[in-house]
Structures are given as C-alpha cells and as structure tokens.
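**Q** Structural data only, the sequence is not supplied:
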C-alpha cells in the first residue's frame, strides 16, 4: 500500500466514523423519544445495551451505505479543496490507484452488512426476544389457495395449538367437500393436525363422500358416492359424526408458513423471509410476491456500501475542475433518482410485473448508469457531441429511406 493510499484510507475512515456516529446518534435519539415512558427501566446497564442493540441491528444495512456515501464525498471534496487532487495527478499517480483502497473497504463493509442481516434472527433469539409481530392468543386464519380455509378463535404461536377451530374444504368447482369444527387443534412434530372434541361433516363431491375411519382416526373417501363434475344440484351433508380425536395429515397447511404470511414483509428478518419463500409450496403464488421482492431488496441492500462508494467516486473524479457545489448538485440528483427508481420498483416488484431480483436492482444500476453517463460526457464532450450528431444523421437518413 502506497503512502497516498494510506493517507486516503485514513481520511476516509475518519469521515466514515464521524458519519456513522452522527447517523446512529440521530436514530438513537429518535428511538429514545418513542420510549420515554419506559426510560426508567432502561437505566439498568444490561437492559440498556440489549435495547440499543436490538433497536439498531436492523438499521445497519441502511445506515452503513449512507455513511460510506457521505464519507467518500467529503474526503474527495476536501482533497480537491486543498489542491491535493491536482497534486496526485501532477505526479502521474492514477486517481483510481489512490482510491481503490476505498472500494476495498466498501467490499468489506458489504460483507459486514451481509453477516449482520443473516445473524439478525440469532441476535434476537440470543436476547430472548422475537422480531415477529404475531400476538399469541389472537384469532388466526389460513387460506390454502381455493381448497381450504382455517379459522382459529385463539392460536398460541409457541405451542402451535388453536382453540375453537373451523376448517372448510372445497373441490375445484367450489363445492364443499367437508367441514370440521373442534374445540382444539394442534400441529405435531409429525407434520399433521390433530383435532380434539369436535364434529365432522362430509359432502358428496367428485372425490366421493368423506367419512371418519374410527380405527386410524383419519378421513377416508367412499368413491361410490362420487358426484359428476359440473353437477349444479344443491348438495346437502351426506355424513355427520362427532369425534374425540381426528388426524389430518397434510404438509401444505403448515401454520409456520401462514404465521409468516400474516405479517408484513418489512417486519420479517432475512432468515424468516428465506424460510417462507423456500417452504411455500407454490413459488408463483400472488400472496408470496411481496415477500420475494422484500428478500431481493435485502440482498441488494447489503451491496449498498460498494455501490454508494462507486457512485461517489465516479461523480467526484469525472472532472478535476468540478466545484464542491457541482458535486453536491450531482449527489442530490443521484439521491432523487434513487428514490424515484426505488418507489417505482416497489410498485412493480410487489405486484410481480417484473422479476423481483431485477426490479430490486434497478435503483442501484440506474444510479451507477447515471454516474457513468456523466463521467463520459465530462471526459469526452467532443466525442459525445459527434456521436449524437452521427446518430441524428443516421436516423434522418433511415427515416427518409423508409418513407
């Protein structure tokens, strides 16, 4: 590492530390304002550390790239203001070789953000907390496409036990196949539901008539009672029986998946989002789109440190005659462009208009493209003008020929 690189690295690290301290301080004050009524309980050292860590860990992938961007801008802007930038170029030292150490730091910080995202759930579990927004004891619903609908008046997330359960099953034509009402239902380690103290009602459908097998305590079908597809005759219950215990074995009705689906994508950690996307039986389901997009956004965000440094370096070194005001103007333009592309991408990605990983990367790629275009125009104005003139002339010739 050369002397210039060491100097650039030391200056950049200094501004990065100050930027990071400033941003986390603002976030801490905002958190403290919202918890004033609980401040007395936070005066204990252990509780305070736990509260601070749990509150700030989720913001690391967002704050670190912002700190990288500001520190890069300020470092290069001060180099230009002091004349050090011209001095580096005058000594035939490539500015890329002088700033490549910043890019290396950006890669390292991106790796750090990646591990912070992956370890967020473990940190919450270590402190005995949960990032989930689901309330134990609240009512709970599960809808499995158009085939089954579950309703629990009360559901305990920890034990996977629900009270006052209603299950409605339908065939592909929308007719009822069977209904189950029970005082309780529990999800076992064998991946099946066990109902207790309830009533089973079966309807004849194209699959037959469902009845209870008292020996195996599960459902079986009598095929001789099949109903033809398209038969619109009103169907009445063909079987009704009370039971003490009933087994219902089907992996699609896993409550863990639907507990995650009942929460907003932004409230789930990376681990929970990946678990939901991997375990959900139908990857193309519409209800899964916001979670797939959120997962893609989190993966792109961990590379935000590298992208922010790259953007700042390109716009700052595109022209050595640039003033600080011009750099600030270009930076604000890039920030506004990123916000517009992010807002547009959120609408497209959550509705599945475009693939989630492509949509989530549009803001970063768009800003880098903006910086590269500015760099080419600044360095090769004559070439850019000639290219524009040539493309205009060619389009005129083609339009004349086609007409």
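**A** Looks like it arrived, so ask away. For clarity, every value in this text was computed on a predicted model and none was experimentally measured.
**Q** what residue ranges in the stretch 201-350 of the chain score low on pLDDT?
**A** Where the stretch 201-350 of the chain drops to pLDDT under 70, the residues are 225, 227-235, 250-252, 319-321.
**Q** Can you show me the helices along it?
**A** Here the stretch 201-350 of the chain has its helices, by DSSP state H, counting those that start in this stretch, at 255-261, 270-279, 289-301, 304-317, 324-350.
**Q** which residues touch residue 315?
**A** 327, 330, 331, 334, 371, 374, 375 (C-beta atoms under 8 Å, 6 or more residues apart in numbering). (Glycine included, C-beta is placed from N, CA and C.)
**Q** circling back to that earlier point, reformat the helices of the stretch 201-350 of the chain as TSV; add distance to residue 153.
**A** As requested, the helices of the stretch 201-350 of the chain are exported to TSV (distance: least, C-beta to C-beta, whole Å):
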stretch	distance to residue 153
helix 255-261	15
helix 270-279	25
helix 289-301	27
helix 304-317	44
helix 324-350	31
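**Q** so of those, which one's packed in deepest?
**A** For the helices of the stretch 201-350 of the chain, the largest average neighbour count (mean count of other C-beta atoms under 10 Å) is found in helix 304-317, namely a mean of 24.
**Q** Residue 200 belongs to a strand, doesn't it?
**A** Yes. Under DSSP: H, G, I helix; E, B strand; the rest coil, residue 200 sits within a strand.
**Q** quick one: it and residue 179, what's the gap?
**A** Distance from residue 200 to residue 179, counting by C-beta to C-beta, to the nearest Å: 8 Å.
**Q** Residue 73 now?
**A** Separation of residue 73 from residue 179 (C-beta to C-beta) stands at 64 Å.
**Q** For those two, indicate the residue with more neighbours.
**A** Between residue 73 and residue 179, residue 73 has the larger neighbour count (other C-beta atoms under 10 Å), namely 24 against 17.
**Q** Tell me the buried residues in whatever helix or strand the more buried one lives in?
**A** Taking DSSP states H and E as the criterion, residue 73 maps to helix 60-82. Across helix 60-82, burial judged by 16 or more other C-beta atoms under 10 Å covers 60-61, 63-77, 79-80.
**Q** swap in stretch 19-34?
**A** Those would be 19, 20, 23, 24, for stretch 19-34 by 16+ other C-beta under 10 Å.
**Q** closest to residue 302 among these?
**A** Closest approach between the buried residues of stretch 19-34 and residue 302, by C-beta to C-beta: residue 20, at 16.5 Å.
**Q** And the pLDDT for the closest one?
**A** Per-residue pLDDT puts residue 20 at 89.
**Q** Can you give me the separation between it and residue 9?
**A** For residue 20, the distance to residue 9 - C-beta to C-beta - is 16 Å.
**Q** same question, residue 294
**A** According to C-beta to C-beta, residue 294 stands 35 Å off from residue 9.
**Q** Relative to residue 293, how far out is the nearest residue to residue 292 once chain neighbours are set aside?
**A** Nearest non-adjacent residue to residue 292, counting by C-beta to C-beta, 6 or more residues apart in numbering: residue 356, 4.7 Å away. Applying C-beta to C-beta, the value for residue 356 to residue 293 is 4 Å.
**Q** what do the two both touch?
**A** In contact with both residue 356 and residue 293: residue 349, using C-beta under 8 Å, 6+ apart.
**Q** still on that earlier bit, do you know which of the helices of the stretch 201-350 of the chain lies nearest residue 194?
**A** helix 255-261 (12.7 Å).
**Q** picking up where we left off before, what's in contact with the helix holding residue 73?
**A** Contacts of helix 60-82 (C-beta under 8 Å, 6+ apart): 8, 11-12, 15-16, 18-20, 23-24, 27, 85-86, 88, 99, 102, 106, 109, 112-113, 116-117, 298, 301-302, 304-305, 307-309, 311-313, 316-317, 320, 322, 324, 327, 331.
**Q** biggest helix in the protein by residues?
**A** Determined from DSSP state H, the single longest helix within the chain is helix 3-34.
**Q** Going by contacts, tell me the helices and strands next to that helix.
**A** Here helix 3-34 touches helix 45-56, helix 60-82, helix 95-118, going by 3 or more C-beta pairs under 8 Å, 6 or more residues apart in numbering; DSSP states H and E.
**Q** And the average pLDDT for the strand or helix carrying residue 166 is what?
**A** Assigned by DSSP H and E, residue 166 belongs to strand 161-170. Averaging pLDDT along strand 161-170 gives 90.
**Q** who's in contact with that strand?
**A** 140, 146-156, 176-187, 195, 198, 248.
**Q** For the stretch 1-150 of the chain, give me the ranges with low pLDDT.
**A** Looking at the stretch 1-150 of the chain by pLDDT under 70, you get 1, 34-55, 84-86, 88-96, 121-137.
**Q** Recalculate using a threshold of 80.
**A** Scanning the stretch 1-150 of the chain for pLDDT under 80 picks out 1-5, 28-59, 77-99, 116, 118-139, 145-146.
**Q** List the residues that contact the residue lying closest to residue 283 once chain neighbours are set aside.
**A** The spatially closest residue to residue 283, leaving aside those adjacent along the chain, is residue 277, at 7.4 Å (C-beta to C-beta, 6+ apart). Going by C-beta under 8 Å, 6+ apart, residue 277 touches 283, 288, 291, 292, 295.
**Q** export the buried residues of stretch 19-34 to CSV and tack on distance to residue 339?
**A** Conversion of these to CSV gives the following (distance: C-beta to C-beta, whole Å):
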residue, distance to residue 339
19, 19
20, 22
23, 17
24, 22
